[in-house]
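# need a 3D model of the sequence below.
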Amino acid sequence: MPETDAVSIHGRWKKLDGDRSQVLERARECAKITIPQLMPPSGSGSATKFNTPWQALGARGVNNLASKLILALFPPNQAFFRLKLDDEVAAKISQDDNANTVVEAGMSKMENDILEEIEGRATRMAVFEAAKHLVVTGNSLIFIDDEGAGLRVYRLDQYCVKRDPMGNVLEIITKESISPLALPADLRALVTEDGDTQENPIDQKPVDLFTRVVRGDGIWEIRQEINSKEVPSSAGTYPLDKSPFIPLRWSALAGEDYGRGLVEEYLGDLKALEELSKAIIEGSAAAAKLLVMVNPNGSTRISKIANASNLDMIEGNAEDVSFLQVEKFNDFRVALETIKNLEQRLAAAFMLNTSVQRDGERVTAEEIRYMARELEDALGGVYSVLGKELQLPIVTVIQFQMTREGKLPKLPEGKVKLTIVTGLEALGRSHELVKLNTWMQEVNVLGPDVVAPYIFVSEYIARVSLATGVDQKGLVRSEEEVMQKQAEAQKAAANQETMGNVIKSGAAANAVKGMMESGNAANLGAAAPTGS
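Prediction:
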């Protein structure tokens, strides 16, 4: 359990910062060969010149995988969550069609309002930045501003976290350097040093602002400290599931306060690719250097070669002149083959587009889709972690803030559930749809006439609707409605057939009458209908 509030936040930060040192070292090592600025070395600033990796595959993989995560977890123009009534409440309301319609419309409007608020806060941009930190360092912290200003992402070196053995967060401390100019006037006195005569606060050095969030009895307790002094009116509380501080992990390991990133899992391949790329680039530069060597004891003069123009004729012996060659082609070839194998493995790990298509011109679309699904399966564990620690908290906190501001009505406690409908659940539905379609294709080999009597079309439509996430209410007719429509169609067909017979009989009768009136008895037999 975290220490009591009697300890200053700055002192508590020093303790947790020491425990985090090894985690920071691993994170900086992973960032160095991918995107160095994601986790800069200690003491870095805006003027720091970061090391440029010799290969770009690491950076490409991080950006690509972060983009895919955002599209899977926060799909554009589509709600990634649903508000659902408790089963008991839903059963009561379903008995009244009018009430059910009103409730469904109200819930849908609330979902749209929350989604608009999420988009309006530039959530996707902040989450993309957090996703890159997760892939590289395995950790990130998101803060959702209470005043709707947006989301802020903290790097691993800007916060400390403490968890229990089950992975539940017990304590979070953030540290941020802030200019006195950004502080309210009443707080500038806390940061002004004794004897400081500078009137312009912009000339003062940045100060460290510490924010501590501690888990209490069903609540989060928060307070701030600056210059070892508590910030007035900074103490407050949040409900346990509605804290604006959301610590994220790429992989959750038992007994560890911090997660580990994907880059750390493939650090060996990335380091090997980095060293081989460096060797190939430097060796290629050496091989590209062109030097002409002239035998000093030969008859050819160096000055004549140096001053000769194209197609000039000079006196000399061709055997006296040669070009300096590295003669490392075979060694470079081994290195290039190794680089190719490393790039293929890393491309598959980071879900780059080239990793889902084999070499060759005749690659079917179904093969690409299948291989893409296989790669997505590898992130199933990540989806489960991020669904619980990212998607659900973001929606819960923003809904709580909107309700507190009066933008949403207050819902009865425990009567409405928030459900995530993307990520791991979406992957499961996608696989179910693939299995359904594959099964239908295999069964149809027997022929539609053979299969039709055995297939419940309504059940198939219901399962496809569930797998695609489409609400079939108001879209698909029920069994009773289908039977009624079929009966009406059969009745209409029977009536049409009867009317046709009546018309034919009437036409025949008119023909007979006409012939009798004209006295043409010879044609009477031909005009009479068959069987009359």
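# quick one, domains of this structure?
Residue ranges for the domains of the chain, per automatic domain parsing: 9-41+55-180+201-264+380-404, 266-374, 423-468, 479-527.
# show me how far stretch 447-455 is from its chain's centre.
In terms of CA atoms, centre = their mean, to the nearest Å, the centre of stretch 447-455 is found 41 Å from the chain centre.
# list the buried ones in that stretch?
For stretch 447-455, burial by neighbour count (16 or more other CB atoms under 10 Å) applies to no residue. For glycine as for every other residue, the C-beta is placed from the backbone atoms N, C-alpha and C.
# now swap in stretch 139-157 and tell me
For stretch 139-157, a neighbour-count test (16+ other CB under 10 Å) marks 139-144, 151-157 as buried.
# can you list these in CSV and add secondary structure?
Shown next, in CSV, are these (DSSP: H, G, I helix; E, B strand; the rest coil):
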residue, secondary structure
139, strand
140, strand
141, strand
142, strand
143, strand
144, strand
151, strand
152, strand
153, strand
154, strand
155, coil
156, helix
157, helix
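# of all these, which two lie farthest apart?
Spatial extent of the buried residues of stretch 139-157 (CB to CB) is set by the pair 144 and 157 at 21.0 Å.
# measure residue 321 to residue 300 for me?
Distance of residue 321 to residue 300, given as CB to CB, to the nearest Å: 6 Å.
# any shared contact partners between the two?
Taking CB atoms under 8 Å, 6 or more residues apart in numbering as the criterion, residue 321 and residue 300 both touch residue 294.
# low pLDDT regions in the stretch 401-532 of the chain?
Residues of the stretch 401-532 of the chain that meet the criterion pLDDT under 70 lie in 422-431, 466-474, 502, 504, 506-532.
# mind listing the helices for it?
Under the criterion DSSP state H, counting those that start in this stretch, helices of the stretch 401-532 of the chain are mapped to 424-443, 448-451, 457-468, 479-518, 524-527.
# okay, now residue 242: neighbour count?
By other CB atoms under 10 Å, the residues close to residue 242 number 18.
# what do you get for residue 351?
Neighbours of residue 351 (other CB under 10 Å): 19.
# got it, and residue 254?
As a burial measure, residue 254 scores 7 neighbours (other CB under 10 Å).
# may I have the secondary structure class of the residue nearest to it when sequence neighbours are not counted?
Closest residue to residue 254 apart from its sequence neighbours, by CB to CB, 6 or more residues apart in numbering: residue 165 at 7.0 Å. Look at residue 165: counting by three-state DSSP, its state is coil.
# how close does residue 165 get to residue 21?
On the measure of CB to CB, residue 165 and residue 21 end up 21 Å apart.
# got it, and residue 85?
Distance of residue 85 to residue 21, given as CB to CB: 49 Å.
# of these two, which one has the most company?
Per other CB under 10 Å, whichever of residue 85 and residue 21 has more neighbours is residue 85, with 20 against 8.
# contacts only, for that one.
Per CB under 8 Å, 6+ apart, neighbours of residue 85: 93, 103, 107, 415, 416, 417.
# buried among these? Need that as a selection in PyMOL.
Buried members of the contacts of residue 85, defined by 16+ other CB under 10 Å, are picked up in PyMOL with:
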select buried, resi 93+103+107
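# burial measure for residue 290, as a count.
Neighbour tally, residue 290, other CB under 10 Å: 8.
# tell me the secondary structure at it.
In three-state terms, and counting by three-state DSSP, residue 290 is coil.
# what sits against it?
323, 324.
# for it, grab phi and psi.
phi -100, psi 120 (degrees, to the nearest 10).
# how much space between it and residue 282?
Counting by CB to CB, the separation of residue 290 from residue 282 is 17 Å.
# equivalent analysis for residue 268, please.
Taken as CB to CB, the span from residue 268 to residue 282 is 22 Å.
# just residue 330 next, same as before
Remark: distance between residue 330 and residue 282 (CB to CB) = 17 Å.
# so these two - more neighbours on which side?
Between residue 330 and residue 282, counted using other CB under 10 Å, the more crowded position is residue 282 (11 against 8).
# now that one: which helix or strand?
helix 267-288 (DSSP states H and E).
# isn't there a strand covering residue 222?
Yes: the assignment for residue 222 (three-state DSSP) places it in a strand.
# quick one: residues contacting it.
211, 212, 213, 214, 234, 235, 236, 237, 238.
# want to throw those residues into a markdown table with pLDDT, neighbour count and distance to residue 408?
Shown next, in a markdown table, are the contacts of residue 222 (pLDDT from 0 to 100; neighbours: other CB atoms under 10 Å; distance: CB to CB, whole Å):
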| residue | pLDDT | neighbour count | distance to residue 408 |
| --- | --- | --- | --- |
| 211 | 95 | 20 | 27 |
| 212 | 96 | 23 | 30 |
| 213 | 96 | 24 | 24 |
| 214 | 96 | 21 | 28 |
| 234 | 86 | 15 | 27 |
| 235 | 90 | 12 | 27 |
| 236 | 92 | 13 | 21 |
| 237 | 93 | 12 | 21 |
| 238 | 93 | 18 | 18 |
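# count of neighbours near the residue nearest to residue 254?
8.
# can you check residue 495 too?
The number of residues packed near residue 495 is 10, by other CB under 10 Å.
# do you know how far it is from residue 484?
Distance of residue 495 to residue 484, computed by CB to CB: 16 Å.
# residue 131 now?
To residue 484, residue 131 is 52 Å away according to CB to CB.
# cool, residue 215 as well?
59 Å.
# the more surrounded of those two?
The neighbour comparison of residue 215 against residue 484 (other CB under 10 Å) goes to residue 215, with 20 against 12.
# distance of that one relative to residue 449?
Distance, residue 215 to residue 449, by CB to CB: 65 Å.
# what of residue 93?
According to CB to CB, residue 93 stands 44 Å off from residue 449.
# now swap in residue 346 and tell me
Remark: distance between residue 346 and residue 449 (CB to CB) = 52 Å.
# and if you look at residue 487?
23 Å.
# just residue 436 next, same as before
As judged by CB to CB, residue 436 and residue 449 stand 21 Å apart.
# in stretch 247-262, what's buried?
Going by neighbour count (16+ other CB under 10 Å), the buried part of stretch 247-262 is 247, 248, 249, 250, 251, 252, 257, 258, 259, 260, 261, 262.
# residue 43: which of those is nearest?
Closest approach to residue 43 among the buried residues of stretch 247-262 (CB to CB): residue 258, at 21.5 Å.
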